[in-house]
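K.L.:
sequence first, then the predicted structure:
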Amino acid sequence: MIPVKNAKDIGKMRAAGKALIEVFRTVEPLVKPGITTLELNAEIEKKILSLGATAPCKGYHGYPAAACISVDDVVVHGIPSLKMLAEGEIVSVDIVLKLDGFCADATRTYAVGAISAEKQRLIDVTRRCFYNGVSKIRAGARLGDAQSAIQMTAELAGYGVVRAMTGHGIGREMHEDPTIENYGRAGTGPLLKSGMCLAVEPMIAMGSWQVKFDADGWTCRTIDGLSAAHYENTVLVTENGCEILTE
Ligand code: MF3
Ligand code: CO
């Protein structure tokens with residue numbers, strides 16, 4: 001069952017979204033060669049707590065950190081470590097926070113210093129996947145309308161749509177119904193209604209869509225070692241479209 005939020009819940013979802021925007025504002029200038037992903041995670045956690053929010057990822061099925069920080073061939077769920085960011089890498093920073101009982105979830109993929117034109121194109125197309133997807137969202141649309149727009153955008157650009165992970169509904173829980181694959185057919189899937197909140201999050205690979213997991217059980221990498229990018233926002237379905245709560 002996909003939860004439909006009432007006016008009061010929606011106010012809280014908006015507030016959670018605004019707080020998450022604040023967190024990203026403090027993170028962005030720190031993404032530079034030489035910072036470790038553990039240091040970046042510490043700054044993120046400190047900011048979340050300073051806003052009176054909590055970090056639901058920490059402790060989720062044993063996940064050890066507030067944020068997921070995924071470098072280059074790591075698609076998602078990179079665990080913060082002593083690894084320093086290096087010039088030319090791309091890094092996806094995925095943050096969830098919970099404020100006043102409601103969650104917001106967003107991801108940005110950043111360039112570390114100067115990056116190749118190839119990697120920049122991957123970041124740009126992944127962002128475009130998100131926008132083309134959410135452009136299909138409104139009350140009365142089918143979820144598959146958005147999913148197919150994401151898939152078309154990625155595959156027309158020659159990229160792979162990662163299938164091992166999906167977007168999701170969001171609200172009181174970090175993960176609610178529905179599951180949002182980044183591929184699908186227009187006209188299929190659940191009917192969208194005003195007041196549903198969705199975390200739409202294309203995860204796009206430069207090459208193959210297939211992934212493998214490290215021994216830690218979290219770190220998810222492309223099977224061919226090529227880079228992947230991730231772009232995510234929490235959105236509210238409205239009568240005429242959607243409201244992006246995290247940008
Ligand atoms: N944003 C990620 C998601 O949508 C959050 C994962 S939290 C973790 O699933 F604990 F699994 F890392
Ligand atoms: Co998410």
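P.N.:
Everything's here; your move. Ligands and ions are numbered 1, 2, ... in the order given.
K.L.:
gap between Cys197 and ligand 2?
P.N.:
Noted for Cys197: a distance of 12 Å to ligand 2, by C-beta to the ion, to the nearest Å. Where C-beta positions appear, they are placed from N, C-alpha and C, glycine not excepted.
K.L.:
likewise Glu181?
P.N.:
Taken as C-beta to the ion, the span from Glu181 to ligand 2 is 13 Å.
K.L.:
give the contact list for Gly217.
P.N.:
The contact partners of Gly217, by C-beta atoms under 8 Å, 6 or more residues apart in numbering, come to none.
K.L.:
give me phi/psi at it?
P.N.:
Torsion angles at Gly217 (phi, psi; degrees, to the nearest 10) stand at phi 80, psi -10.
K.L.:
tell me the confidence at the residue nearest to Lys58 when sequence neighbours are not counted?
P.N.:
Spatial nearest neighbour of Lys58, chain neighbours left out: Ala66 (5.1 Å); criterion: C-beta to C-beta, 6 or more residues apart in numbering. What the model reports as pLDDT for Ala66 is 98.
K.L.:
what number of residues lie near Ala66?
P.N.:
26 (other C-beta atoms under 10 Å).
K.L.:
how close does it get to Val211?
P.N.:
Separation of Ala66 from Val211 (C-beta to C-beta, to the nearest Å): 23 Å.
K.L.:
so which elements touch the top helix by length along the chain?
P.N.:
Secondary structure assigned by DSSP state H gives helix 7-27 as the longest helix of the chain. Using 3 or more C-beta pairs under 8 Å, 6 or more residues apart in numbering; DSSP states H and E, the elements in contact with helix 7-27 are helix 37-50, strand 90-99, strand 102-111, strand 233-237.
K.L.:
where do the helices of this protein begin and end?
P.N.:
Counting by DSSP H, the chain has helices at residues 7-27, 37-50, 117-134, 143-156.
K.L.:
tabulate these (a markdown table), appending mean pLDDT, mean neighbour count and distance to Ser92.
P.N.:
Shown next, in a markdown table, are the helices of the chain (pLDDT from 0 to 100; neighbours: other C-beta atoms under 10 Å; distance: least, C-beta to C-beta, whole Å):
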| stretch | mean pLDDT | mean neighbour count | distance to Ser92 |
| --- | --- | --- | --- |
| helix 7-27 | 98 | 18 | 12 |
| helix 37-50 | 98 | 19 | 11 |
| helix 117-134 | 98 | 19 | 9 |
| helix 143-156 | 98 | 22 | 15 |
